[in-house]
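*Asks:* Model the structure of this input:
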Amino acid sequence: MSNPGNSQALSLVRKTGMALFLAGFGYALFLTLGSSYRLDQEQAGKLFGSRLELIEAADPAFVGSTYRGKAAFLGALSALSEQSADAARARFGLSAADVEGMVSRNADKPFDLQAELALMEQAGTPEKAEKTKTWLGWYDGKTLSASELQTQLSAKAEGLNAGISGLELSPYAAFQASREASLSLAATRPGLAFLLTFGLVILGGLMHILPKTSEPAGIKNNGVQQDGLNSRGLIGITLGIFLIAFYIVLYWFPAWIAEWSLITDPLSYALTGGPSSQWFLYGWLYTVAVVVMGVRYAIKYRHSRYQLVRTASVTFFQIGFAFLLSNILQRFQLPARDLKNIWPLDYTFFYEYNVDSMLRAEVLPTAAKAMFALGIGLIVLGVPLLTYFYGKRWYCSWVCGCGGLAETAGDPFRHLSDKSLNAWRFERISIHSVLVFAVLMTAAVVATQVTGAEQFLGLKTADLKAWYGFGVGSVFAGVVGTGFYPLMGNRVWCRFGCPLAAYLGLVQRFKSRFRITTNGGQCISCGNCSTYCEQGIDVRWYAQRGQNIVRSSCVGCGVCSAVCPRGVLNLENGPEVDRTAVQAILLGKDKIQVLS
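*Replies:* Numbering: from 1, shown residues only. I've put the predicted structure just below:
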């Protein structure tokens, strides 16, 4: 029997941990949403360069003013962008009054361009004179009527003004401006801010998780279908909305998480030699999630040596390769590559800037070329050979960062995967369609580099890259792939969209030694295996028939075997012959059944 006093103490530890987690998370939100912002003259000059004069002309009070809250600061920046464009057009462009003046002075006589330029110089707008000389040089000495001159000069002025912009507020520019202007603790004392945010989140998470060591190992079905977090309840939906919002902000509105990047500046300087970016921050958050939730996963499945080793593997590859090594490479001016990321999952591998950074590197060129050779070797030899011997589990469940996050942080939601036949039909179409898209886009990229042609099979290479980067690389892999964990299970991306998983799956299905063997005579049809299959495979259907499981979608996570109370399922590598055959004899408790 459990000790009531000990149970109460563990419960208190878990509740304290949750309180610390929420406190750290809440303060992190406050830092990035509720901080104050102010740019001094030096900071503004560093950010805006020659555009600073336009900004001061548009809003003299902007530099030096203090804004309370991220919304107020970004709102002021957005307004400044429009105002500075008006100021730029007034300074460099031709207004309606300018056109009227030139018409009145030059109608029905030779157009005196030099006189017009002199007037602009005298008015203190030499930049306008320079642009006018370029745009109106053709008219010098030409005689036109007032109506002709009015029409043509108006059209020229419109074209000139359309090409004049003020402060170009790209997402990256807004992110940098927020970092520079922040007056928060993250900017002034990032170490303390780290302890009060990520430190409390990590400590609280571990305190909430570690008491689970006192519970029996394995799954617990009690309440799993009614839990507010794990079964699409209010908490789960709220978490899903937050994750979706986070990925949208990360990809397209990074200014809203600028303070979080400031907190990680000391770590970024230590690894890369430079300040943190939104992507360094993302790598840090991703790694923390894998490590902390990996502890939870290891505690839950501590009865399975396979699960413990597999969890250690994905954690090692995430920390060592995806986070540490990829960032340290930057310090040596080498491409910041995650060396375990393989095309077509790494769809930018053949992009020109990537190829140039590896094949034409000026610093440590041999190492850079070795990185390119490793990438090609994994595509051509690594994937088919390793998948032949071990199935796609060698990558999807032991190495891949997407799989690592899915297995650790996504484990509470694995039972939400759709097991229906329609889901399987959609899966086969969607994942192989993405693979075809990836191949087509990459072929276009390579063809453009080789031939110089901007189109491939009638499609613009730039458009294909943009469509794939937005639709697959950002929306599908990020927003949907992770944001939908609490709604559709933890392997949405891996199951429906990952082109590398499709490539691995084709090899596994048709040319591999891997299979999950079943002993149907021992199956009691409890359904645990099917319930907890994150890939939506109806494992019980195979187990009841004593049929080996050889599915292209199976990632070999082994959870179906770990949750089976009768030892029916076993992950094996064996001969290719009869890999998918139904077992001829079923050994049951009371009978031996010979199958025809």
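
*Asks:* okay, CA-based contacts and neighbour counts for the rest of this
*Replies:* Will do.

*Asks:* Give me the distance between the two termini of stretch 227-243.
*Replies:* End-to-end distance of stretch 227-243 (CA to CA, to the nearest Å): 19 Å.

*Asks:* If you could redo that for stretch 89-103, that was the one I meant.
*Replies:* End-to-end span of stretch 89-103 (CA to CA): 20 Å.

*Asks:* what does it contact?
*Replies:* Outside of stretch 89-103, the residues within contact range by CA atoms under 8 Å, 6 or more residues apart in numbering are 116, 125, 127-129, 131-132, 146, 149-150, 153-154, 157, 160-161, 164-165.

*Asks:* and the residues you listed, which are buried?
*Replies:* By neighbour count, with 16 or more other CA atoms under 10 Å, the contacts of stretch 89-103 hold 116, 125, 128-129, 131-132, 146, 149-150, 153-154, 157, 160-161, 164-165 as buried.

*Asks:* For these, which two are the farthest from each other?
*Replies:* The largest separation in the buried ones among the contacts of stretch 89-103, counting by CA to CA, is between A146 and S165 at 30.0 Å.

*Asks:* Look up the pLDDT of W135 for me, please.
*Replies:* Looking at W135, its pLDDT is 80.

*Asks:* what about the closest residue to I319 other than its chain neighbours, how many neighbours?
*Replies:* Using CA to CA, 6 or more residues apart in numbering and skipping residues adjacent in sequence, the residue nearest I319 is T287, 6.3 Å away. T287: 23 surrounding residues under other CA atoms under 10 Å.

*Asks:* in which helix or strand would I find T287?
*Replies:* According to DSSP states H and E, T287 maps onto helix 278-300.

*Asks:* Buried residues in the helix or strand immediately after that helix in the chain, which are they?
*Replies:* Downstream of helix 278-300, the first helix or strand assigned by DSSP H and E is helix 305-317. Within helix 305-317, the residues that qualify as buried by neighbour count (16+ other CA under 10 Å) are 307-308, 310-317.

*Asks:* Could you do stretch 419-431 as well?
*Replies:* Buried residues in stretch 419-431 (16+ other CA under 10 Å): 419, 424, 427-428, 430-431.

*Asks:* Out of these, the closest to N327 would be?
*Replies:* When those are ranked by distance to N327 (CA to CA), I431 comes first, at 30.5 Å.

*Asks:* so how far is K46 from that closest one?
*Replies:* The gap separating I431 from K46 is 46 Å, by CA to CA.

*Asks:* do the same with F389
*Replies:* Distance of F389 to K46, computed by CA to CA: 56 Å.

*Asks:* Have a look at those two and say which one is more surrounded.
*Replies:* With neighbours defined as other CA under 10 Å, F389 and K46 compare such that F389 has more, 17 against 12.

*Asks:* Surely that one is in contact with S512?
*Replies:* Yes. Using CA atoms under 8 Å, F389 is in contact with S512, at 6.1 Å.

*Asks:* What count of nearby residues applies to E362?
*Replies:* 12.

*Asks:* mind listing the strands for this protein?
*Replies:* Taking DSSP state E, the strands of the chain run over residues 36-38, 66-68, 455-456, 459-460, 514-518, 569-573, 585-587, 592-594.

*Asks:* Columns mean neighbour count on top of the ones you listed, output as a markdown table?
*Replies:* Output for the strands of the chain, formatted as a markdown table (neighbours: other CA atoms under 10 Å):
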| stretch | mean neighbour count |
| --- | --- |
| strand 36-38 | 21 |
| strand 66-68 | 18 |
| strand 455-456 | 17 |
| strand 459-460 | 14 |
| strand 514-518 | 26 |
| strand 569-573 | 19 |
| strand 585-587 | 17 |
| strand 592-594 | 11 |
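
*Asks:* ranking those strands by mean pLDDT, which is last?
*Replies:* In terms of mean pLDDT, the lowest-scoring of the strands of the chain is strand 585-587 (a mean of 52).

*Asks:* Could you break this protein into its assigned domains?
*Replies:* Taking automatic domain parsing as the reference, the chain has its domains at 4-18+188-414, 94-162, 416-500, 515-587.

*Asks:* Okay, G489 and P254: tell me how far apart.
*Replies:* Taken as CA to CA, the span from G489 to P254 is 27 Å.

*Asks:* Settle it for me: which of those two has more neighbours?
*Replies:* Applying other CA under 10 Å to G489 and P254 shows that G489 carries more neighbours, namely 30 against 23.

*Asks:* and that one, what pLDDT?
*Replies:* For G489, pLDDT reads 95.

*Asks:* and it, what does it touch?
*Replies:* Going by CA under 8 Å, 6+ apart, G489 touches 410, 413-417, 534.

*Asks:* let's see it at 6 Å
*Replies:* For G489, the contact set (CA atoms under 6 Å, 6 or more residues apart in numbering) comprises 413-414, 416-417.

*Asks:* same deal with Q455?
*Replies:* T461.

*Asks:* average pLDDT across stretch 69-80?
*Replies:* Here the average pLDDT along stretch 69-80 is 92.

*Asks:* who's in contact with it?
*Replies:* 33-36, 67.

*Asks:* how close does L144 get to R105?
*Replies:* Taking CA to CA, one finds L144 at 12 Å from R105.

*Asks:* more neighbours, these two?
*Replies:* Regarding L144 and R105, a neighbour count based on other CA under 10 Å identifies L144 as having more, with 18 against 15.
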